[in-house]
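Sharing a model prediction with you, sequence too.
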Amino acid sequence: MIRKFIDKLLGKPAAGDKPAAGAKVARIPLGKRVEVPAAEHGIDPTLLDERAVRVVTTLQDAGYEAYIVGGAVRDLLVGRRPKDFDVATNATPEQVKGLFRRAFIIGRRFRIVHVIHGRGRDHEVIEVSTFRAYMDNAAAEQVEGNEKTSKEDMAGKSHVVDASGRVLRDNVWGPQIEDAVRRDFTVNGMYYDPRSQIVVDYHHGLKDAKGKTLRMIGDPETRYREDPVRIVRVIRFAAKLGFTIEPKTLKPLRTMSSLLANVPASRLFDEMIKLLQTGHALASLAELKKHGLDRGVFPVLEAVLANAPEGSAREKFVHLALADTDRRVAEGKAVAPSFMLACMLWHDVEAKWAKLREQGEHPMPALSQAIDAVFDARIGDISGRGKLATDMREIWLMQPRFERRNGNAPYSLVDQPRFRAGFDFLRLRADAGEMPVDLAEWWEDFSLGTDAEREALVEAVRETSRPKRGAGGAGPRRAAAAPAATVAAAPQGDDAADDVPAGAEGGDAPRKRRRRRRKPSGNRGGADSGGAPLPVPSPGHDVD
């Protein structure tokens, strides 16, 4: 028993165990605990999240070790306010859950606890993980299939890998020194105690953070086999932080990217969303292309890039959408994956929609069918067809409605819960040259206007879209002479119709009844008889 324990610490396989197929067995040094004081690491305590600090202190007061860990520490060291705060402790998930009123144990691959603060949109989740023991592939139990096909084989087991060495389950608790080894990059392997303000560093992570270097803890090939998603993570961190990938960490990236084929599609989909929503989407795409990972990794992204050659309308639209996402993140505004994906797949929907209309299908049913076809082809059931699919559908179905600005249609549309997302989508289409800019400006004026201003805008559309009648010659009817004072005196919104006498010239048929309305004092926008909007002064392009 003692021999097995020592072998485990040294990374040696137990007697009779065989390394996983294709796996390279390499011992990872445990490192040495170094406590870095505040005077040296320079973390600004005002960047901390008080709810995360409360979780740490609650655990410490109960007698457990607890630290802010991982990417939050990395971001704090470079002066960034972390988006998420994770906590690591030597308390088991059950012990953590018992200390908090709203805490839930989740996950099978890694059992962690979500401690929830607040409710509704203002709620925050602090993720708490238990220190894990480091066990290399040779010490783990191996199954032939994956997460779905090997559920029965993994039942009751704590540490399992597949045939390629990818970790399918890792729930063996251990000391902090082993937990640090289990983490991926040196800059993600540090622990911060907000009470003592000490950073615990085992693998020179502080030095690499200051030097803006991404370095894998241990042998890179072995670590990529354990979790191929690390290949994507290193790209994301390099783009987000502006860090350089250390040569040994970089070298196996392209050759080992084939391992990503074994990763569940849903997990890769989530990683793609993270890659594009960290506020550095354009830099992330550039980094993927730089290392040859823009093909064969993310099917959705690959399909978009393949159909968006440089200089094309689609490439321009996607570029504008990602730049807009980066801007919103930089400004601290919310970004939704549904909006970004709606932008990326819009041209697929539009092409299918046009084809169905050419086949004789009515516009709105055709659009609905196009949406279903594209969603099935590009996303399928990866996202669970939940809120993501609903929001994307609403954004797309709203686009034809923006072209209808008569009667009650604008009032109904502006009251839709997803109006802002649909309008932002229209604005991007206008910026890309796919829609008239004046149309987007009209809707911006309408959405921000008072009741009187909105009515004036709608009236302007009505006035300018009325057919103009000829003033003479054979054939065309003459416009009835209606004194301006009579029109101006009509009540606003009066729908009463007047009988217009038939013209005597040319034996014209009796003129149809037409409605008279008071002409608005300020014509702020509208469309001519061909549907082209009139120029409208814009109060500003990006209004939230």
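Great, that's in hand.

any low-confidence regions in this protein?
By pLDDT under 70, the low-scoring segments of the chain are 1-27, 108-109, 120-122, 135-171, 381-385, 467-544.

Can you tell me which residue is spatially central in it?
Nearest to the mean C-alpha position of the chain, by Cα atoms, centre = their mean, lies Pro337 at 3.2 Å.

contacting residues around that residue?
Shown in contact with Pro337 (Cβ atoms under 8 Å, 6 or more residues apart in numbering): Ile273, Gln277, Leu388. All C-beta atoms are positioned from the backbone trio N, CA, C, and that covers glycine.

same thing but 10 Å
By Cβ atoms under 10 Å, 6 or more residues apart in numbering, the contact list for Pro337 reads 269-270, 272-274, 276-277, 325, 383, 387-388, 391-392.

Next, work out how far apart Met340 and Ala281 are.
According to Cβ to Cβ, to the nearest Å, Met340 and Ala281 sit 8 Å apart.

Give the residues shared as contacts by these two.
Common neighbours of Met340 and Ala281 (Cβ under 10 Å, 6+ apart) are Val318, Ala321, Leu322, Asp324, Thr325.

So which of the residues you listed sit within helices?
Those of the shared contacts of Met340 and Ala281 mapping onto helices are Val318, Ala321, Leu322, Asp324, Thr325, per DSSP state H.

returning to that earlier point: any chance of TSV for the shared contacts of Met340 and Ala281, columns distance to Ala409?
Converted to TSV, the shared contacts of Met340 and Ala281 look like this (distance: Cβ to Cβ, whole Å):
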residue	distance to Ala409
Val318	30
Ala321	26
Leu322	31
Asp324	27
Thr325	30
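
show me what contacts Leu285?
Residues near Leu285 by Cβ under 10 Å, 6+ apart: Ile235, Ala239, Leu275, Leu276, Asp294, Leu301, Leu305, Val318, His319, Leu322.

Return the distance of the fifth one relative to Ala354.
It stands for Asp294. Asp294 is 28 Å from Ala354, by Cβ to Cβ.

neighbour count winner among those two?
Each of Asp294 and Ala354 has its neighbours counted (other Cβ atoms under 10 Å); Asp294 has more, 17 against 12.

All the strands of the stretch 1-150 of the chain, in order from the start?
Under the criterion DSSP state E, counting those that start in this stretch, strands of the stretch 1-150 of the chain are mapped to 34-36, 66-69, 86-89, 103-106, 112-117, 124-130, 141-142.

Kindly report the same for the stretch 151-300 of the chain.
159-161, 167-170, 190-193, 198-201, 213-214, 244-245.

which other helices and strands contact the fifth one?
Okay, so that is strand 213-214. helix 205-210, helix 230-241, strand 244-245, helix 247-250 (3 or more Cβ pairs under 10 Å, 6 or more residues apart in numbering; DSSP states H and E).

And the strands of the stretch 1-150 of the chain: which comes nearest Lys289?
strand 86-89 (30.4 Å; Cβ to Cβ).

how about the closest one: buried residues?
Residues of strand 86-89 classed as buried by neighbour count (16 or more other Cβ atoms under 10 Å): Asp86, Val87, Ala88, Thr89.

ok, now stretch 431-442?
Quick answer for stretch 431-442 (16+ other Cβ under 10 Å): Asp431, Ala432, Glu434, Met435, Pro436, Val437, Asp438, Leu439, Ala440, Glu441, Trp442.

my read: the fourth one touches Leu428, true?
Okay, so that is Met435. Yes: using Cβ atoms under 10 Å, Met435 makes contact with Leu428 at a distance of 9.3 Å.

Ile28 against Pro220, yeah?
No: contact status for Ile28 versus Pro220: not in contact, 11.0 Å apart, counting by Cβ under 10 Å.

OK, contacts around Ile105?
Thr92, Pro93, Glu94, Val96, Lys97, Arg111, Ile112, Val113, His114, Val128 are the contacts of Ile105 under Cβ under 10 Å, 6+ apart.

For PyMOL, write the selection for the buried entries among those.
The buried subset of the contacts of Ile105, as determined by 16+ other Cβ under 10 Å, is captured in PyMOL by this line:
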select buried, resi 92+93+96+97+111+112+113+114+128
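
what about stretch 249-269, start to end distance?
Using Cα to Cα, to the nearest Å, one end of stretch 249-269 lies 24 Å from the other.

wait, which of the buried residues of strand 86-89 is closest to His362?
Once Cβ to Cβ is applied, the member of the buried residues of strand 86-89 that ends up nearest His362 is Asp86, at 51.2 Å.

So the closest one sits against Glu127, correct?
Yes: if you go by Cβ under 10 Å, Asp86 and Glu127 touch, sitting 4.7 Å apart.
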